[in-house]
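Trainee: just to be clear, the model below is a prediction. Sequence and coordinates:
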Amino acid sequence: MFQKNGDIRILNTKEFVFEAFKALLKKFNYHDITISMIIKKAGIGRTTFYRYFYTKDDILLSKLKNQTLELIDLLNQTFDLSAYNKDIYKKIRFFFQYWNDHPEIIEIILFLNKTQLLYSTWSSLLINMFSVIDMGLDNDVSPRYIAHFATGGLTSLLIGWFNNSRLESVDYISKHFYIPNTN
């Protein structure tokens, strides 16, 4: 899923580009893949490609961003996200279960050693989510910095888990994320 409630042609085009890029990654080194190769493989025109993407990294960012938005939407449908302590373990478990069930983009990003894409995407999306959660913190603790801490922790934990081939269960890895409530 790329864009919620988007035009099906846009969704299909972005998916064709991602699938073409992914297929090329199986045959070529990332740095050897050109936009022309992606366009040809996807069966689209150059203008169409540049309407949605500027670089190869933009293909990965688009896929990651849209899957993250899908995850946040699912979290919002499933849990009360307004309070940190309310079902925190279930929320974190849900996060890891989602990526366990949809590992492809994470695996590609890690294979390409482009973890900065995870941090940059999640810095905007997850920090905003964590910033509005009441964590019950002391007044002298900044919710924004705690949101940075939580986002960095989740990202780092996910990277470590994937780098270990997700050998540990979702339950096990989820227990390793904890932000102390100072009250």
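Mentor: Happy to help now that I have it.

Trainee: helices and strands of the chain: which one bottoms out on pLDDT?
Mentor: Sorted by mean pLDDT, DSSP states H and E, the helices and strands of the chain end with helix 115-131, the least confident at a mean of 80.

Trainee: which other helices and strands does it contact?
Mentor: helix 56-78, helix 104-111, helix 143-163 (3 or more CB pairs under 8 Å, 6 or more residues apart in numbering; DSSP states H and E). (Glycine included, C-beta is placed from N, CA and C.)

Trainee: which outside residues touch the first one?
Mentor: When contacts are defined by CB atoms under 8 Å, 6 or more residues apart in numbering, helix 56-78 is touched by residues 1-4, 14, 17-18, 21, 30, 33, 35, 38, 52-53, 81, 91, 94-95, 98-99, 102, 105, 108-109, 112, 114, 117-118, 120-122, 125-126, 129.

Trainee: generate a ChimeraX selection restricted to the buried entries among those.
Mentor: Listed next is the ChimeraX selection for buried residues among the contacts of helix 56-78, using 16 or more other CB atoms under 10 Å:
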select :2,14,17,18,21,33,35,38,53,81,91,94,95,98,99,105,108,109,112,114,117,118,121,122,125,126,129
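
Trainee: follow-up on the earlier one: would a markdown table of the helices and strands packed on helix 115-131 with distance to residue 175 and mean pLDDT be doable?
Mentor: Formatted as a markdown table, the helices and strands packed on helix 115-131 follow (distance: least, CB to CB, whole Å; pLDDT from 0 to 100):
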| stretch | distance to residue 175 | mean pLDDT |
| --- | --- | --- |
| helix 56-78 | 18 | 93 |
| helix 104-111 | 20 | 98 |
| helix 143-163 | 10 | 86 |
